[in-house]
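Engineer: Here is my input; please provide its structure:
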Amino acid sequence: MTTTAPPQPPTWVPDDSSKLCEQCRTEFSFTTRRHHCRGCGKLFCASCVNNLIELPTSWRLKGPQKVCANCFQLYSQASWNTENNTEIMGEGTLLAQYYVRDKSLVFKSLLKGAGRRKPPQKYFVLTSVPSKSEDLILAMTASESDLLTTEAHKKQFSEIMLLLNKHPFILPTYSAEYVLEKKYSFTVRDFSPQGSIRDRVHKQSKPTEDFYVKYKSRTGSPLDAKTQIPYVGRQVLEALVFLKSLGFPFPHLHASNIIVHNKTVKLTDLESSLLGLSPLYLDYLSPQTETNNKPTAEVTCFGHVLFQLAMGFPLGLQSFHEFATRLHAPIYEVLCLIFGAASGGDTPAVTLRDLLKNNYFASIPIKEDCYSNVPQRDQLSKGAKLLLKRARDHVKNMIQESASKREESAPNGGPGSPVLSPVIPRAGGAAAEGGGASGSGISAGPTAADYNDPKYQGIDPSDPLHPLNREKAALRAKQARTKTRRKTAAPSGASTASSTSTSASSTSSGSSSLASSAEKRPVSTAPTARPVSLAVTPAAPTGGPAPPTGGPPPPTGGPAPPSGGPAAANLPAPQEGRNALLDSIRNPNNMKKLKK
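Structural biologist: Take a look at the predicted model:
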């Protein structure tokens, strides 16, 4: 049974129209709140309106909406919510169905909430007609740039995407097309039920769940630093080196687009670079010049992924040195190579090939051949090479614009890049102490005598991987973060101090001007007006009982009232009838008369 989509959403009933839930008849209270069903507009409690479903696009409601059980059953069977009629999925889904109409593919399901990018990016599980198995996924992504504008660009987009299939650590793409009129790309590739490497970190058994549901907890479980992380890192580096040899920029590397596929890991979502999408780690990337020795975007992203695999959570704005004592020594060494060049200097930045030659990754054997059967840059057409060059220029411009915005928003005109550059640990011995308490401010760190401990014999005191140097680096990183916070708060404090000094100077100048004006006035011999006191001393009433006497005496001492000057001159003269009026009000006999 199917229904026709109503042209307008239902009208909500007023909040005070019912005191009971429509379904369980629970009375609403301060703790049991009212909730409107988006399907029928009636009032329910939270437990009875916890069903989520897409509603017709004509209602202009974004994303799944909460409905009651009856509406959920009704709208699940509605004609606009079936795979044959995709009004609810929007125009993009209609394009996706139009795209697969001649490819022997059938829509199986929509992966709602898949990926960190919300619509118009969507993922669909497809079924191949001959095999009838869910082994393909269709990714529909909207472009965010003007890199693809002509029919030639469409052909070059397909050429590049299909050429990448021949590398063993890149997820194969069976079809890739771009729709110029709607600025959508459609890519069909293998569907891996094992999910991404981030799913492994968060131990997700259902990779197809909503992105923000799966990763609601920011912290996961680290992978094994001796077996799993170097194995994953070796394969990711092999894929990145291959992309670099083709001139393909990929600043979009993160743990969610590294797919676990048949006991290996493979990169996916490579079309993001050709569509001009914004990278996840854009705010952490630094523009490269001939003199600043900054790491490439791919190297920086790899460092973030490596840290997340080792610690179970993203690095963010923290310095990795704060976790020096918790990181596996070889991983800490690699992070020093990556982020050590983030602060610039004379040391050349580490490259992808340098990381691949590092013993932590090079010692891991792989069975796949990454060099003999992979395509070369010469196999690309001239137009495809030009498109890749435009993509590289677009990435450079995005990084430069992001860095410029960070510098503009940084306090005191300082560098606006996140605090990722490390505090290089000093060598052991006396040099390690630096300025002592006055220099580094770290009094609890290791001393020169600690390096002479017998358990550290045979370890070079100047080695950054020395346990004591790693401990010192963690302390220095925390100190650097504290200084950064203080510098960030300095402008507000400075402005407060300046405003205080300004007000003080204005007060002093004002008082001096009053004093000078008072000196110019002639001295008056008239009696000084007495200021009005808030404490009223009642006079003896003319009739009725006498007022009560006794009680605590009035307070004595304190500053004397001003006897002269401009402030006293402006006060009103005392009024004799004021006390009499107050006494009349307090007189109980008068109150009795008023009551009669």
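Engineer: Strands of the chain, start to end?
Structural biologist: Remark: strands assigned in the chain by DSSP state E are 35-36, 43-44, 51-53, 65-67, 105-111, 122-128, 136-142, 173-179, 184-190, 258-261, 264-267.
Engineer: Can you pull out the low-pLDDT segments for the stretch 201-350 of the chain?
Structural biologist: Applying pLDDT under 70 to the stretch 201-350 of the chain flags the ranges 290-291, 341-346.
Engineer: If you could redo that for the stretch 401-550 of the chain, that was the one I meant.
Structural biologist: 410-445, 448, 455-458, 460, 462, 464-465, 484-550.
Engineer: all helices in the stretch 51-200 of the chain, in order from the N-terminus.
Structural biologist: Secondary structure of the stretch 51-200 of the chain (DSSP state H, counting those that start in this stretch): helices located at 69-76, 91-99, 151-163, 197-201.
Engineer: any idea which of these scores lowest on pLDDT?
Structural biologist: Note on these: lowest mean pLDDT is at helix 91-99, with a mean of 64.
Engineer: follow-up on the earlier one: go through the strands of the chain and pick out the most buried.
Structural biologist: Mean neighbours per residue, mean count of other CB atoms under 10 Å, is largest over those for strand 43-44, with a mean of 26. From N, CA and C alone the C-beta is placed, and that goes for glycine too.
Engineer: Check which helices and strands that one sits against.
Structural biologist: strand 35-36 (3 or more CB pairs under 8 Å, 6 or more residues apart in numbering; DSSP states H and E).
Engineer: Packing partners of the strand it packs on?
Structural biologist: Using 3+ CB pairs under 8 Å, 6+ apart, strand 35-36 sits against strand 43-44.
Engineer: partner strands of the strand it packs on, parallel or antiparallel?
Structural biologist: Partners of strand 43-44 in the sheet, by DSSP bridges, are strand 35-36 (antiparallel).
Engineer: Give me the residues contacting the strand it pairs with.
Structural biologist: Here strand 35-36 makes contact (CB atoms under 8 Å, 6 or more residues apart in numbering) with Trp12, Val13, Lys42, Leu43, Phe44, Cys45, Ala46, Val49, Lys66.
Engineer: Now render the residues you listed as CSV, adding distance to Pro168 and pLDDT.
Structural biologist: CSV is the format used below for those (distance: CB to CB, whole Å; pLDDT from 0 to 100):
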residue, distance to Pro168, pLDDT
Trp12, 56, 89
Val13, 60, 90
Lys42, 57, 89
Leu43, 58, 92
Phe44, 53, 91
Cys45, 54, 91
Ala46, 50, 88
Val49, 49, 87
Lys66, 45, 86
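Engineer: how deep is Asn373 tucked in, by neighbour count?
Structural biologist: By other CB atoms under 10 Å, 10 other residues sit near Asn373.
Engineer: For it, give its distance to Asn165.
Structural biologist: Distance, Asn373 to Asn165, using CB to CB, to the nearest Å: 11 Å.
Engineer: Without its sequence neighbours, what residue ends up closest to Thr208?
Structural biologist: Leaving aside its sequence neighbours, Thr208 sits nearest to Leu111 (CB to CB, 6 or more residues apart in numbering; 5.6 Å).
Engineer: So the one you found is in contact with Asp210, correct?
Structural biologist: No. Between Leu111 and Asp210 no contact is recorded; they are 9.1 Å apart, counting by CB atoms under 8 Å.
Engineer: The closest residue to Val299 other than its chain neighbours: how many residues sit nearby?
Structural biologist: Once flanking residues are discounted, Val299 sits nearest to Ile338: 5.8 Å by CB to CB, 6+ apart. Residues contacting Ile338 under the criterion other CB under 10 Å number 24.
Engineer: Same question for Arg326.
Structural biologist: Neighbour tally, Arg326, other CB under 10 Å: 12.
Engineer: Contacts only, for it.
Structural biologist: For Arg326, the contacting residues are Met311, by CB under 8 Å, 6+ apart.
Engineer: And it, how far from Asn359?
Structural biologist: For Arg326, the distance to Asn359 - CB to CB - is 21 Å.
Engineer: now swap in Asp190 and tell me
Structural biologist: 33 Å.
Engineer: now the residue nearest to Val241 when sequence neighbours are not counted: how far from Ala384?
Structural biologist: Computed as CB to CB, 6+ apart, the closest residue to Val241 that is not its neighbour in sequence is Leu352, at 5.0 Å. The gap separating Leu352 from Ala384 is 22 Å, by CB to CB.
Engineer: do Ile137 as well
Structural biologist: 25 Å.
Engineer: For the spatially closest residue to Val201 that is not a sequence neighbour, grab the count of nearby residues.
Structural biologist: Closest residue to Val201 apart from its sequence neighbours, by CB to CB, 6+ apart: Gly220 at 3.9 Å. Counted by other CB under 10 Å, the residues lying close to Gly220 total 20.
Engineer: ok now do Gly220, which residues does it touch?
Structural biologist: By CB under 8 Å, 6+ apart, the neighbours of Gly220 are Arg198, Val201, His202, Lys203, Gly312, Phe313.
Engineer: Considering those, which possesses the most neighbours?
Structural biologist: Arg198 (23 neighbours).
Engineer: isn't it right next to Tyr215, touching?
Structural biologist: Yes. Here Arg198 lies in contact with Tyr215, judged by CB under 8 Å, at a distance of 7.2 Å.
Engineer: picking that back up, now the residue nearest to Val241: how far from Leu55?
Structural biologist: Separation of Leu352 from Leu55 (CB to CB): 47 Å.
Engineer: Over to Arg481?
Structural biologist: For Arg481, the distance to Leu55 - CB to CB - is 46 Å.
Engineer: Look at these two and report which has more neighbours.
Structural biologist: Neighbour totals were compared for Arg481 and Leu55, and Leu55 leads with 24 against 17 (other CB under 10 Å).
Engineer: my guess is that one meets Cys37, correct?
Structural biologist: No. Applying CB under 8 Å, one finds Leu55 not in contact with Cys37, separated by 10.8 Å.
Engineer: hey, what's in contact with both of the two?
Structural biologist: Common neighbours of Leu55 and Cys37 (CB under 8 Å, 6+ apart) are Val67.
Engineer: How about the contacts made by the nearest residue in space to His261 that is not next to it in sequence?
Structural biologist: Leaving out its chain neighbours, the residue that sits closest to His261 by CB to CB, 6+ apart is Ser192, at 4.6 Å. Applying CB under 8 Å, 6+ apart, we find Ser192 in contact with Leu171, Pro207, Ile259, Val260, His261.
Engineer: Relative to Phe72, which of those residues is nearest.
Structural biologist: Pro207 (24.6 Å; CB to CB).
Engineer: what residues are up against that closest one?
Structural biologist: Ser192, Pro193, Gln194, Gly195, Ser196, Asp199, Lys214.
Engineer: got the phi/psi numbers for it?
Structural biologist: Reported as degrees, to the nearest 10, the phi and psi values for Pro207 are phi -70, psi -20.
Engineer: Might one say that Val299 is in contact with Thr351?
Structural biologist: Yes. The criterion here is CB under 8 Å, and Val299 meets it with Thr351 at 6.9 Å.
Engineer: the more surrounded of these two?
Structural biologist: Val299 (24 against 16).
Engineer: Contacts only, for that one.
Structural biologist: Ile338, Ala349, Val350, Thr351, Leu352, Leu355.
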